[in-house]
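Engineer: Quick one, fold the following:
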Amino acid sequence: MRDRSSRTRRTWVARVLTAAGAAGALVAAQLAAPVPAGAAISRAALALRWAPIHYQDVDATGSHALGGQSDYIAKVDFDGDLNGRNNWDRTGQAGTALAAHAYYSVVETSTHWYITYLFFHPRDWTDHPFFETEHENDGEGVLFAIERDSSTYGVLRGAVTVANSDFYSYTPAGSTWTSGRESIDGTLQFQASPHDTFQHPVTAQEAQGHGLKAYPQYAINGDGLIYYPSTVAETPSNGNDRDVRYRLIDIFDAGGLWAQRANASLFAGLGTFAGDTSGDCGTGTFSCSANSANAPWGWDDGNDLPARGELASDPAKVSAEYFTTPAGLARTYSYNPYAGAAAALAKAARTAPPVVD
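Structural biologist: This next block holds a predicted model:
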């Protein structure tokens, strides 16, 4: 019975890997080959096309840095489970390589695609003994608003990034969007990728706390990683690897982050990753806080009008608040899996205490 069960598991894993490889190859083929005029583009291909080239500053100093590994991006289950309360301790352990992944979700209106990207780190850490806190798990990201025009992939008009408990807005050069209720914080730059034929937007994260802004408002200071969107996930060779491919994971996948939103091992509340104070978190620093990181439906800038989570769940509203846009920006969604839980999100936003990342 044990042998048959083992063979069954191996067969199942092989089938899953084969299916995942086939899906990745299909998306890669869509990017490589011309798409016929009028053909629908898959959300996975759309997300891959607009996924940012991502600069990650790395700090290798101090025991909590783990030689720089604490600044590597990873899956939430990099250690093989969906328990958010053991990620701090398992970062850097043998057998838990931090292969590069990022998460995305796509929601749609008749006029725009809105793509949210989440970059996850198992540690939000510091090497300062005063005033700064650490915590298990860290989720920062960016929203891109893509105008649907006659082209295959549309035109990127605006971006809003998440840097801890603050949002920052950007537009590419030549955008038809201008400052709205919030002033635009800078220009979103583009760079060519060595792994495809596209110019990608460029984002960057600081070391330790991992706030995310448009490059070069954060930049690599010494050691650092440059992550490139791809259909494969690579582990950095060291903390100064300037060509690391990362793989995208759909938040709405079956069994994915959105499906796991009520999993008490992974989430302490709606949109809040579970994290405890075990291990050396907080040792030699000001403190270690529990349950202090957010998924996209928990992101919030408490000083701005959009409610908690709306950057992901109602990005058309956020775009209308942050930017002045040409007439015709639709506010009704044709595809938005977040909307099915809109009432719960709104209620949680009104009653839950703020979570500061």
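Engineer: tell me the SS of the residue minimising distance to the centre of the chain?
Structural biologist: Nearest residue to the geometric centre of the chain (C-alpha atoms, centre = their mean): residue 118, 0.9 Å. Per DSSP: H, G, I helix; E, B strand; the rest coil, the secondary structure class of residue 118 is strand.
Engineer: wait, what's in contact with it?
Structural biologist: Taking C-beta atoms under 8 Å, 6 or more residues apart in numbering as the criterion, residue 118 is in contact with 102, 103, 104, 139, 140, 141, 251, 257, 295, 296. Glycine gets a C-beta too; all of them are placed from N, C-alpha and C.
Engineer: Surely residue 193 touches residue 53?
Structural biologist: Yes - contact status for residue 193 versus residue 53: in contact at 6.1 Å, counting by C-beta atoms under 8 Å.
Engineer: And the residue nearest to the centre of the chain, how far from residue 77?
Structural biologist: 14 Å (C-beta to C-beta, to the nearest Å).
Engineer: what does residue 329 give?
Structural biologist: Distance of residue 329 to residue 77, given as C-beta to C-beta: 37 Å.
Engineer: Same question for residue 229.
Structural biologist: For residue 229, the distance to residue 77 - C-beta to C-beta - is 20 Å.
Engineer: before we move on, the earlier item: more neighbours: residue 193 and residue 53, which one.
Structural biologist: Using other C-beta atoms under 10 Å as the criterion, residue 193 and residue 53 rank with residue 53 on top: 23 against 17.
Engineer: quick one: that one and residue 229 touch, right?
Structural biologist: Yes - taking contacts as C-beta under 8 Å, residue 53 lies within contact range of residue 229: 7.3 Å.
Engineer: can you list residues touching both of the two?
Structural biologist: 193, 200.
Engineer: where exactly do the strands run in the stretch 1-150 of the chain?
Structural biologist: Per DSSP state E, counting those that start in this stretch, the stretch 1-150 of the chain carries strands over the ranges 53-57, 101-109, 112-124, 133-147.
Engineer: can you list the ones you listed in JSON lines and add mean pLDDT and distance to residue 318?
Structural biologist: Below are these laid out as JSON lines (pLDDT from 0 to 100; distance: least, C-beta to C-beta, whole Å):
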{"stretch": "strand 53-57", "mean pLDDT": "98", "distance to residue 318": "21"}
{"stretch": "strand 101-109", "mean pLDDT": "98", "distance to residue 318": "11"}
{"stretch": "strand 112-124", "mean pLDDT": "98", "distance to residue 318": "9"}
{"stretch": "strand 133-147", "mean pLDDT": "97", "distance to residue 318": "7"}
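Engineer: between those strands, which gets nearest to residue 211?
Structural biologist: Shortest distance between residue 211 and the strands of the stretch 1-150 of the chain, using C-beta to C-beta, is found for strand 133-147: 6.3 Å.
Engineer: then the closest one to PDB, C-alphas only?
Structural biologist: Output of strand 133-147 as PDB, limited to C-alpha atoms (Å, rounded to 0.1, in the frame of the first residue of the first chain):
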ATOM      1  CA  THR A 133      10.400  47.200  14.500                       C
ATOM      2  CA  GLU A 134      10.600  43.900  12.800                       C
ATOM      3  CA  HIS A 135       7.800  41.500  11.800                       C
ATOM      4  CA  GLU A 136       7.200  38.100  10.200                       C
ATOM      5  CA  ASN A 137       6.100  38.300   6.500                       C
ATOM      6  CA  ASP A 138       6.000  41.400   4.400                       C
ATOM      7  CA  GLY A 139       3.700  42.200   1.400                       C
ATOM      8  CA  GLU A 140       4.200  45.300  -0.800                       C
ATOM      9  CA  GLY A 141       3.200  45.900  -4.300                       C
ATOM     10  CA  VAL A 142       1.900  48.000  -7.200                       C
ATOM     11  CA  LEU A 143      -1.200  48.600  -9.200                       C
ATOM     12  CA  PHE A 144      -1.000  49.300 -12.900                       C
ATOM     13  CA  ALA A 145      -3.900  50.800 -14.800                       C
ATOM     14  CA  ILE A 146      -3.900  49.700 -18.500                       C
ATOM     15  CA  GLU A 147      -6.200  51.500 -21.000                       C
END
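Engineer: and it, which strands flank it?
Structural biologist: strand 112-124 (antiparallel), strand 155-163 (antiparallel), strand 287-289 (parallel) (DSSP bridges).
Engineer: With distance to residue 179 as extra columns, can I get those strands in TSV?
Structural biologist: Formatted as TSV, those follow (distance: least, C-beta to C-beta, whole Å):
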stretch	distance to residue 179
strand 112-124	18
strand 155-163	10
strand 287-289	34
